[in-house]
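> Fold the following.
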Amino acid sequence: MNQLTFARERRHLRLLAAIVFPAVLAAALLGLAPASSEPVRKSGYAIGTEACGSGELAFPRIQIDMKAGFCAGLVASEEDRLKFPRAIVQVPGRDLFVLADMGGWGHTDGRLLLLDPRAPQGQRFKDLLTGIEYPFGLVVGPDRKLYASTAETIFRFDPLADNPRSTVETIIRHMPGRRITLPDGKRVDESAHPLKQFVFDRDGRLFVNLGSHSDDCITPAPITKACAAAEGASALASIWLFTPPAGGVFPALKPGDPDPPHTVYARGLRNSMALVLHPNFPDAGYAFLQGENARDLPDIFKPNEEINAIEQGRHYGWPYCYDLSTPSPEFRLVLQSGIYKSLCSANALYKPPLSLMPPHGAPLAMLYYHGAKFPELEGKLLVGLHGYRPTGSRLLVYDVDEHGFPKPSAAPVRYHVSCAADPTRSFQTDAGEVAAAPFEELIAGWHRVNGARPQGAPVGMTVAEDGAIWLVEDKNKTVIRIDRAAGERPQPLPCDTRSQAMIDQLAAFVARDAQNSARLTTLRKGLVQKHCVGCHSDFGLIAGQSDAEKDRVVLHFMLAQDGWIYPGDPDAGRLRTRLRGLGAEKLMPPGGESLPKTEPGYSRLRDTADLFVAKMVPGTRMRIKPGPPQRKFFSKANKECGEIPVGKVVVVTQRSAVDKPGFSRFFRPADPYLNGECTDGDGYYIRQELLVPVQ
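Next up is the predicted model:
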């Protein structure tokens, strides 16, 4: 069946359902939930009866805090077999989209999918290409064909062909990818930033992100030489330029053909996942912008992310400088002589950021809005922040000048910090407050709220031909469409994180258990201090602390992170999945896949982490009994608190609850299953017959 026939069949089905079938059956055929006071939960979002959009493009409205006049509709979720969506683009002239789903950080898990948003729920996706390593970039080229990237290649293909794979034409195929050899001969089996974002200019020239192989290129002290991986004609941490032959279109490579030549257009860019060209580029003076994912210092407010105005031949600082002009102390000797002497402050090679962005925000998408739906956004710059810290999970809107550059304002310029005691902060460097381009937030609040939504993690973004904004979100496996909203803006949802009292109670349980206290010390010494500190955080560790203080701050840090630890249920937490490389997220620590073989005792250390979580709360670990897919649990006052899926583990503190006959009392369930109606003060209760012992 070809695509046109496929679409006609679906339209016929929708018409038939609307005219002939009863309303309930028609709703089932169209994938619509029947009317109910109980919300449906999809990818962690509580879906009610409100819709965002209209007609065939009306989707369930999700509760994220947005600018007045806008709403977000959930087009697809993990129920649609999405695993790790990273990019989206519309097929020119068609009401169809192509989606890049990486599948995770496995090496051939990626797929390119065709999305028909008007199809019935559950039937919206069709596999186009499978078995791809790290598909990420999706761009409509100057020839109006669809281009995509893997870790090493860029290719074009026809997503509407009966056999899309037969239409694949590779134009570049040997870029540095996952496995690379550094100039000093060192082999890297898992480069930190192998994904290839890319953009075309009006002349058909191709600009490609070559991310750095590591966070900061730091080698054992003293560092006396420049970062070798970022030097030379094939530098990482750079943007490469490929120029097409006359006519502006790259030819398809045949077996044995060399790759087209490239030049290093700009250097010192750690990871250029957000790239955008003004429509008039490369005319003189028009913007080529990059959103920099800066090095990952442990301080939550340092360093800032950056918007860089890219110029050919310039150096943008990595790994020698961060923020505006702060030298990286590890490279002090490199900055004292040679071509990088005084790079950060008095060297014509260096171009400082045009503006700072919220620290650790992780910009992964950037575009200029052009569309009829939101005239108030016309020509403005949109930037999506993917980062998991309180400065991420949002969509920014910048005013720009006539050449597409954001317009900095004098200090102080403040930005929003989610769920913090001080909800705003000014842009600062080590030198104090600095100028920056102010912005609005189209999506302002996307932190996790029990029973309502998970934390958001936007990645790819595109503007459809009707002017709607489409996002893909990898953490929660969703496709989201932003449309015009009528009426008043809903009140922002409250912050909802594990309270300090809850953390203190869990820490007290650990302190009273000599065996678990010993496990904590083992984990702190063998895992956190040896492999984790400095990668994402210092875990609260500072010089001069006693061993007991170090254990306490590390435990408090881990318990405060969203989803790391669910007491009694190690299988449910991200601590286990990240350490073991399970699911879509990257294995931690970087290079951890080799540690069980190269470090004696590392496998036992991971088992210790599982046992530590399993034994954290005193009581009996019980599993939700097989049967109906969800099991309800209640408060002491008989208020319904949520439903737990079959197979999940809880810690039972009273097998026969003295204050609720026929029920067992258990310690907090995994947070995602709370519906927001209860607190944990009195514990939770479930019918005894719904529990079975953990084997």
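> Could you tell me how many residues sit around the closest residue to residue 551 other than its chain neighbours?
Among residues not flanking residue 551 along the chain, residue 520 sits closest, at 5.1 Å (Cβ to Cβ, 6 or more residues apart in numbering). Placement of C-beta: from N, CA and C, glycine included. Counted with other Cβ atoms under 10 Å, the neighbours of residue 520 add up to 25.
> which residue ranges form the helices in the stretch 251-400 of the chain?
343-346 (DSSP state H, counting those that start in this stretch).
> shaky segments in it?
The model of the stretch 251-400 of the chain has no residue with pLDDT under 70.
> If we use 80, what do you get?
Regions of the stretch 251-400 of the chain meeting the criterion pLDDT under 80 cover residues 298.
> ok, back up a step: quick one: the residue nearest to residue 551 is in a helix?
Yes: under DSSP: H, G, I helix; E, B strand; the rest coil, residue 520 sits within a helix.
> State the distance from it to residue 447.
28 Å (Cβ to Cβ, to the nearest Å).
> Next: residue 328.
Distance from residue 328 to residue 447, by Cβ to Cβ: 31 Å.
> So for the closest residue to residue 587 other than its chain neighbours, what's the pLDDT?
Closest residue to residue 587 apart from its sequence neighbours, by Cβ to Cβ, 6+ apart: residue 581 at 3.6 Å. pLDDT, residue 581: 89.
> wait, doesn't residue 436 sit right on residue 359?
No: checked against Cβ atoms under 8 Å, the pair residue 436 and residue 359 is beyond contact range at 11.7 Å.
> how about the helices in this structure?
For the chain, the helices defined by DSSP state H cover 3-19, 23-30, 343-346, 500-511, 514-523, 547-560, 574-580, 595-598, 602-614.
> Quick check: residue 186 vs residue 309, distance?
33 Å.
> on that earlier part again, want to throw the helices of the chain into a markdown table with distance to residue 100?
Below are the helices of the chain laid out as a markdown table (distance: least, Cβ to Cβ, whole Å):
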| stretch | distance to residue 100 |
| --- | --- |
| helix 3-19 | 19 |
| helix 23-30 | 27 |
| helix 343-346 | 36 |
| helix 500-511 | 38 |
| helix 514-523 | 36 |
| helix 547-560 | 32 |
| helix 574-580 | 22 |
| helix 595-598 | 30 |
| helix 602-614 | 31 |
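> Minimum distance to residue 171: which of those helices has it?
Ranking the helices of the chain by distance to residue 171, with Cβ to Cβ as the measure, places helix 3-19 first at 24.5 Å.
> Residue 327: neighbour count?
Applying other Cβ under 10 Å, I find that residue 327 has 18 neighbouring residues.
> Might you report the residue contacts of the residue lying closest to it once chain neighbours are set aside?
Nearest residue to residue 327, sequence neighbours excluded (Cβ to Cβ, 6+ apart): residue 344, at 4.8 Å. For residue 344, the contact set (Cβ atoms under 8 Å, 6 or more residues apart in numbering) comprises 317, 320-321, 325-327, 335, 350.
> now residue 108
131-133.
> Please narrow these to those residing in strands.
Those of the contacts of residue 108 mapping onto strands are 131-132, per DSSP state E.
> ok, and the most crowded of the contacts of residue 108?
residue 132 (24 neighbours).
> what's the nearest residue to that residue if we skip its chain neighbours?
Spatial nearest neighbour of residue 132, chain neighbours left out: residue 110 (3.7 Å); criterion: Cβ to Cβ, 6+ apart.
> what about that neighbour, distance to residue 478?
From residue 110 to residue 478 the distance is 18 Å (Cβ to Cβ).
> what number of residues lie near the residue nearest to residue 132?
25.
> That one against residue 101, yeah?
Yes: using Cβ under 8 Å, residue 110 is in contact with residue 101, at 6.6 Å.
> joint contacts of those two?
residue 135.
> Tell me where the stretch 401-550 of the chain has strands.
For the stretch 401-550 of the chain, the strands defined by DSSP state E, counting those that start in this stretch occupy 414-416, 424-426, 428-429, 432-433, 440-445, 458-463, 469-473, 478-484.
> And the strands in the stretch 201-350 of the chain?
206-210, 238-242, 262-267, 274-277, 288-292, 305-309, 321-322, 326-327.
> So for residue 474, which of the ones you listed sits nearest?
The nearest among these, by Cβ to Cβ, is strand 274-277 at 14.8 Å.
> Pull up the pairing partners for the closest one, direction included.
strand 288-292 (antiparallel) (DSSP bridges).
> quick one, what contacts residue 343?
So residue 343 contacts 315, 317, 320-321, 327, 335, 349-350 (Cβ under 8 Å, 6+ apart).
> Done for today, thanks.
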